[in-house]
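> My questions are about this predicted structure, shown below with the sequence.
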Amino acid sequence: MNTTNWETVVGLEVHVQLKTKTKMFCGCANAYGAPPNTLTCPVCTGQPGALPVANRQAFSLAMRFGHAVEATIARSTKFDRKNYFYPDLPKGYQISQSDQPITSGGHVVLESGKAINLVRAHLEEDAGKTFHESPGFSEVDLNRCGIPLLEIVSAPDLRSPEEAYEYLTRLKLLLRHLEVSDCDMEKGSLRCDVNVSVRKLGAAQFGTRCELKNLNSFKSVERAIAAEALRHIAVIESGGTIEAETRLWDDEKGETRLMRKKETSQDYRYFPDPDLPRHEIAEAWIDEVRRTMPELPEARRARYKRDFGLSDYDSGVLVQDTSISRYFEEVSAACGDPKAAANWISADLFGLMNVKNEGLLAANIPAGRLAELIGLVKSGSMNVPSARKVLGAMYGNGRDPKELMNELGLGQVSDRDGLIEIVKRALAANPKAAEDMKQGKGKAAGAIVGFVMKESKGRANPAVVNEILAELLQD
Amino acid sequence: MIDENLVRSVAHLARIAIPEARVPGLAKELAHIVEYVDQLAALDVQGVAPLTHTNAGANVYREDEVAPSLPVEAVMALAPARSGNFYRVPKVIGDA
């Protein structure tokens, strides 16, 4: 099949759970993993007469996102009822925003400089969770019901599976940085629906689009778009037509399958929710949110490169999360060496965290302790391999690195008298290398230093060894 | 236009079972109601902002502070059927 003349067109609808303490319209905790139906009240279970009241912080977070993507923030907005029946929605409607979203427009810029335009982002409430494992009936947990969501709708500006992947990655980075959402797909705090169509290169009109659901990772989004675009091209090239439909992605089979035709799609009968008065948003509030914005990841990354001389890789890794950036800046300030701090965090500490699949909190190494460890290396008290062992021993308990160094016998040996003996033995054991060095062949030093290191179990201070070596060879 | 198909579709959306024999009558009645309300269309509303709420207030917010939830036993006591601490409902697989 020839796909070169075809262009893939993608638009994404991303739902993120907002990082509030409480639900959108009631005081129940916004928490993941609580026992079923322990975080509900008359409002979020839709009891007759219960009245919803909007969470102020959810508005602030939505506005924070709006500022970050340079969207227009609504000065006047409202909530609407989106009516449908499903057991995870006890009221029979979802409170959402239909024609007056909290933010309109804005864009997310890709590495290439291409801007992906946003159509809108609106506030709404999450539904409960339904479980289908039991035979003959389904089970419903309403803890999630009412958790604030921001639905972020992109324009159909994405032109490949890779662009969609990058857009999602950048959106997630931004939202995490802003502390608007955790964006953890495994926990369902980020969910994504994809609209895909294809058209001949250069065509002005979009093709008929299909909506894809059941996408559980950014990788599956990328794969699903690629598979769906190929399906469209194959259908059209063989003389068929694509019908508007909703399709489910099967990650194992790597293909999409029909879920329902769009012509039977729902009629949600939106109308303004009479229980929730309008929101007239004061300029002062919008400004206050702007003033208290965290530094954006791209700006922070540029600053790390410019001020600290960090590499592309290190700066990228360290801005993944505000808590990581904060940690890096603390370690860096305490040890006075941003490059060393970046190396120890991005290579060594993250290495340990990855093995255990844990976060900074579980690693439990206070910034001051890591800075002390770096200091011990810089002062020559310990070499790098030994320091890595000490870091491993500090992991999870945050103990004093100096104490651990002494306990584990990993301190560097800088004691000249002891080292002279070892260097002498090394020269005696490697007469050829010793002769070469006398002749000024610097490379020969490797064998001698290697011997010393082996003898000292890696603890000899290389600077002192080189000094001794130079003196002995002069004699 | 309210016709018989619209009556069937609205009934379905509201999950109301309507005997087929009643559909023609309901279509007529609903059409009359809409016609009545349609008289409003004669008014000139140019320059009048849409009225979305009849309550005059605006800007009612709660602070983001956790309040106690209901005990699970109290909640489950209201459930028509339960399965452990889950609501038990007829098997539903599909989408919303």
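Perfect, thanks for sending it.
> which residues touch A:Val69?
Contacts of A:Val69 were listed using C-beta atoms under 8 Å, 6 or more residues apart in numbering or on different chains, and they are A:103, A:106-108, A:118, A:174. Using the backbone N, CA and C atoms, a C-beta is placed for each residue, glycine as well.
> who touches the longest helix seen in chain B?
Longest helix of chain B, by residue count under DSSP state H: helix B:23-38. Residues from elsewhere that reach helix B:23-38 (C-beta under 8 Å, 6+ apart): B:1-4, B:6-8, B:18.
> mind redoing it with 10 Å?
B:1-8, B:10-11, B:18, B:22 (C-beta atoms under 10 Å, 6 or more residues apart in numbering or on different chains).
> and of those residues, the nearest to chain A?
Chain A lies nearest to B:Val10 out of the contacts of helix B:23-38, by C-beta to the nearest C-beta, at 8.9 Å.
> okay, the closest one: pLDDT?
For B:Val10, the model assigns a pLDDT of 90.
> Is it correct that it is in contact with A:Asn83?
No: with contact defined as C-beta atoms under 10 Å, B:Val10 does not count as touching A:Asn83 (11.3 Å).
> Mutual contacts of these two, please.
With C-beta under 10 Å, 6+ apart, B:Val10 and A:Asn83 have common neighbours A:267, A:269.
> For the closest residue to chain A within chain B, which non-adjacent residue is closest in space?
The minimum distance from chain B to chain A, using C-beta to the nearest C-beta, falls at B:Ala67 (2.9 Å). Nearest non-adjacent residue to B:Ala67, counting by C-beta to C-beta, 6 or more residues apart in numbering or on different chains: A:Gly27, 2.9 Å away.
> What count of nearby residues applies to residue 52?
Just so you know, I chose chain A. 22 (other C-beta atoms under 10 Å in any protein chain shown).
> please go with chain B instead
When neighbours are defined as other C-beta under 10 Å, B:Thr52 has 17 of them.
> Next, work out how far apart it and B:Ala42 are.
Separation of B:Thr52 from B:Ala42 (C-beta to C-beta, to the nearest Å): 22 Å.
> now swap in A:Gln47 and tell me
41 Å.
> Need the three-state assignment for the residue in chain A that chain B sits nearest to.
Going by C-beta to the nearest C-beta, chain B is nearest to A:Gly27 of chain A, at 2.9 Å. Using DSSP: H, G, I helix; E, B strand; the rest coil, the structure places A:Gly27 in coil.
> And the one 10 residues further on, by the same measure?
When states are read from three-state DSSP, the local structure at A:Asn37 comes out as coil.
> what about the helices in chain B?
B:4-13, B:23-38, B:72-77.
> again but with the stretch 251-400 of chain A, I slipped
Listed in chain order, the helices of the stretch 251-400 of chain A (DSSP state H, counting those that start in this stretch) span A:283-291, A:297-308, A:312-318, A:322-335, A:338-343, A:350-356, A:360-363, A:367-378, A:384-394.
> Give the buried residues for the first one.
Which is helix A:283-291. Using 16 or more other C-beta atoms under 10 Å in any protein chain shown as the test for burial, helix A:283-291 gives A:286, A:289.
> Next up, the contacts around the spatially most central residue of chain B.
A centroid search over chain B (C-alpha atoms, centre = their mean) returns B:Ala14, at 7.4 Å, as the residue closest to the centre. Residues near B:Ala14 by C-beta under 10 Å, 6+ apart: A:83, A:85, A:92, A:269.
> Tell me the confidence at it?
pLDDT recorded at B:Ala14 is 88.
> Got the phi and psi for it?
Dihedral pair for B:Ala14: phi -90, psi 0, per degrees, to the nearest 10.
> what about it, distance to A:Thr45?
Per C-beta to C-beta, B:Ala14 is found 21 Å from A:Thr45.
> Next: A:Ala224.
Note on A:Ala224: its distance to A:Thr45, by C-beta to C-beta, is 35 Å.
> between the two, who's got more neighbours?
A count of neighbours by other C-beta under 10 Å puts A:Ala224 above the other of A:Ala224 and A:Thr45, at 27 against 23.
> Now do the buried residues in the host helix or strand of the more buried one.
Following DSSP states H and E, one finds A:Ala224 within helix A:218-237. Within helix A:218-237, the residues scored as buried using 16+ other C-beta under 10 Å are A:218, A:220-233, A:236.
> Show me what counts as buried in the helix or strand following it.
Downstream of helix A:218-237, the next assigned helix or strand under DSSP H and E is strand A:245-250. Residues A:245-249 are the ones in strand A:245-250 that count as buried (16+ other C-beta under 10 Å).
> and strand A:245-250 with helix A:218-237, angle?
In terms of direction (axes from the mean of the first three to the mean of the last three C-alpha atoms, to 10 degrees), strand A:245-250 departs from helix A:218-237 by 130 degrees.
> Any residue of strand A:245-250 touching chain B?
Yes: using C-beta under 10 Å from any C-beta of the partner chain, strand A:245-250 reaches chain B at A:246, A:248.
> Let me know whether A:Gly27 touches A:Pro52 as I believe.
No: contact criterion C-beta under 10 Å: A:Gly27 and A:Pro52 do not qualify, at 11.1 Å.
> which neighbours do the two share?
A:43-44, B:62.
> what's the span of stretch A:90-97, first residue to last?
Counting by C-alpha to C-alpha, to the nearest Å, you get 19 Å between the two ends of stretch A:90-97.
> re the thing from before, figure out how far the helix holding A:Ala224 is from the centre of its chain.
25 Å (C-alpha atoms, centre = their mean, to the nearest Å).
> Which strands or helices does it pack on?
Secondary-structure packing of helix A:218-237 (3 or more C-beta pairs under 10 Å, 6 or more residues apart in numbering or on different chains; DSSP states H and E): strand A:6-17, helix A:161-177, strand A:190-200, strand A:210-213, strand A:245-250, strand A:255-261.
> Number of residues surrounding B:His53?
Residues near B:His53, counting by other C-beta under 10 Å, number 15.
> residues contacting it?
By C-beta under 10 Å, 6+ apart, the contact list for B:His53 reads A:78, A:272-278.
> repeat that for 8 Å
A:78, A:272, A:274, A:277-278.
> Keep only the residues you listed that also lie close to chain B.
Among those, the residues that sit close to chain B (C-beta under 8 Å from any C-beta of the partner chain) are A:78, A:272, A:274, A:277-278.
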